[in-house]
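Just the structure for this:
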Amino acid sequence: MGRTGNQIRGFFACLLAIAMAATSASAAEVKAMRLSTEAGATRAVLELSGPLQYKLMTLQNPDRLVLDIDASKLVTGFKPASGTGAIKGVRTGRQGKDLRIVFDLNAGVRPKSFLLPPETKLGHRLVLDLQPTHVAAAQPVVRTIASAMPTKERKIVVAIDAGHGGKDPGARGASGTWEKNIVLAVARELAKQIDAEPGFESFLVRDSDVYLVHQDRYGKAREANADLFVSIHADAFYKPTASGSSVFVLSTRGASGEAARWLADRENRDLVGGVSLDDKDNTLAAVLLDLSQSATMKASDDVANHVLDAMKRLGKTHKPHVERANFIVLRSPDVPSMLVETAFISNPAEEKKLNDPAHRRKLAAAIVAGVRDYFSAQPPPGTWLAANAPARPQHYVVGRGETLSQIATRHGVSLNSLRAANGIKGDNLKAGARLTIPLAMNPG
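Presented below is the predicted three-dimensional model:
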């Protein structure tokens, strides 16, 4: 049975403990530094000439954050940023062969750090996020068995991410339409229709013309406890004849790369699976992260196939199957995610359709239909949809390498009843095939 983000968070977790984030043994120069504050947190971004190795530690009396970068140096003319937020000031020096940067702090902080690879107009960056540690303690709440029980069924949360935005306009159509504006209009219409569905609610990752880095996009979905993350885009190609919608899920390569980044980022103590494993070693963390990612990718593949099937009923799709790509926004380890290319904005006819509110309503309705079909077939426990689901057979989309016996065991049905419900004589299955899961269990 497919799992959604909140289910997966209930079973799997990842150890993200303090250590060196290392991607390359080669030295790199620090070119510039930017400091900013938002919602009580302070962020330092170091622009780099390439990947590097570093160590991060906090010191007290007075409070300091010390960053040692292996065999590195500052570029000529480097100027430390002025203090802001939790950072009182910045000093630089040497620690043997290493570059040392000291952040003098106004108070104690809990640091997170990660390296970002180059992207459009931006090179390698090291990001330090500083959260204050001194927060007023909440009064303990006396909990009883009755108070711990849910008072009502929750709604299924669908996070909708309008691609690009702000300084990143995306692709441009022949008549001058910018992708960032079109996908925001589609996202808003999709959110409106999701909210109209019983048992569902939407979460717009961006609802204005702002730029968000890729990790922040799926990070916001995780913070919202989303059951599903949908990224909306409008494709472009150098040939204006290219046409059709597409649905993408994360490639295996993208998943393994993200797992390596999470495990290397030991200052990042975000939870995977909603359970803290700070007392577990890295081997166990890697195993649990792999389990979480596998379940998430399976659920992503299932819901993406439902959405693609619904979009085929609306019109032409670019490919007849769900595609796989190493998109950063799809890398959440515990929220099923997909990216929908609504059409080719570089195709004049499709650009015209994307600018038509009536077509955008139909497009959003097709996506909603696919999402509804998926969650109706396998509603997450504790949701309104699970409590009000009619008794009917479920449907399941076969993943790569899966066998009939594995699927029967997973759904608690006999092999014979599964064969009979689908008119299958042998055990051979084709990836992408849709199976009916019978309600009754017949001995096999």
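
which residues in the stretch 301-444 of the chain form strands?
In the stretch 301-444 of the chain, the segments counted as strands under DSSP state E, counting those that start in this stretch are 323-325, 337-344, 394-397, 434-437.

Distance from the last one to the middle of the chain?
Right, the one you point to is strand 434-437. Computed by Cα atoms, centre = their mean, to the nearest Å, the chain-centroid distance of strand 434-437 equals 28 Å.

related to what we said a few turns ago, between the strands of the stretch 301-444 of the chain, which one is nearest to residue 103?
strand 337-344 (34.0 Å; Cβ to Cβ). All C-beta spots, glycine's among them, are computed from the backbone N, C-alpha and C.

That closest one pairs with which strands?
Take DSSP bridges as the rule and strand 337-344 pairs in its sheet with strand 228-235 (parallel), strand 246-250 (antiparallel).

Reformat the ones you listed as TSV; add distance to residue 42, mean pLDDT and mean neighbour count.
Listed next are the strands paired with strand 337-344 as TSV, based on distance: least, Cβ to Cβ, whole Å; pLDDT from 0 to 100; neighbours: other Cβ atoms under 10 Å:
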stretch	distance to residue 42	mean pLDDT	mean neighbour count
strand 228-235	27	93	26
strand 246-250	31	90	25
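
between those strands, which gets nearest to residue 175?
Closest approach to residue 175 among the strands paired with strand 337-344 (Cβ to Cβ): strand 228-235, 13.2 Å.

show me where pLDDT drops low in the stretch 151-300 of the chain?
151-152, 253-293 (pLDDT under 70).

all helices of it, in order?
With helices called from DSSP state H, counting those that start in this stretch, the stretch 151-300 of the chain shows them at 179-196, 214-223, 252-264, 282-314.

ok and the first one relative to strand 337-344, angle-wise?
Which is helix 179-196. Put simply, helix 179-196 runs at 120 degrees to strand 337-344, going by axes from the mean of the first three to the mean of the last three Cα atoms, to 10 degrees.

Report the beta-bridge partners for residue 44.
residue 35, residue 128.

what about it, distance to residue 177?
Distance of residue 44 to residue 177, computed by Cβ to Cβ, to the nearest Å: 37 Å.

Tell me which of the two has more neighbours.
Under the criterion of other Cβ atoms under 10 Å, the comparison of residue 44 against residue 177 puts residue 44 first, with 25 against 17.

Quick check: that one touching residue 35?
Yes. Applying Cβ atoms under 8 Å, one finds residue 44 in contact with residue 35, separated by 5.4 Å.

hey, what's in contact with both of the two?
81, 87 (Cβ atoms under 8 Å, 6 or more residues apart in numbering).

which residues touch the residue nearest to residue 179 when sequence neighbours are not counted?
In this structure, residue 179 finds its nearest non-sequential neighbour in residue 170, 3.0 Å apart by Cβ to Cβ, 6 or more residues apart in numbering. For residue 170, the contact set (Cβ under 8 Å, 6+ apart) comprises 163-164, 178-180, 183, 233-234.

What's the local residue count around the closest residue to residue 352 other than its chain neighbours?
Nearest residue to residue 352, sequence neighbours excluded (Cβ to Cβ, 6+ apart): residue 175, at 7.7 Å. The local packing of residue 175 (other Cβ under 10 Å) involves 10 other residues.

got it, and the one 3 residues further on?
Residue 178 has 17 neighbours, counted by other Cβ under 10 Å.

next one: residue 38
If we define neighbours as other Cβ under 10 Å, then residue 38 has 9 of them.

same thing with the one 10 residues further on?
A total of 22 residues lie near residue 48 under the criterion other Cβ under 10 Å.

what sits against residue 419?
Applying Cβ under 8 Å, 6+ apart to residue 419 gives the contacts 404, 425.
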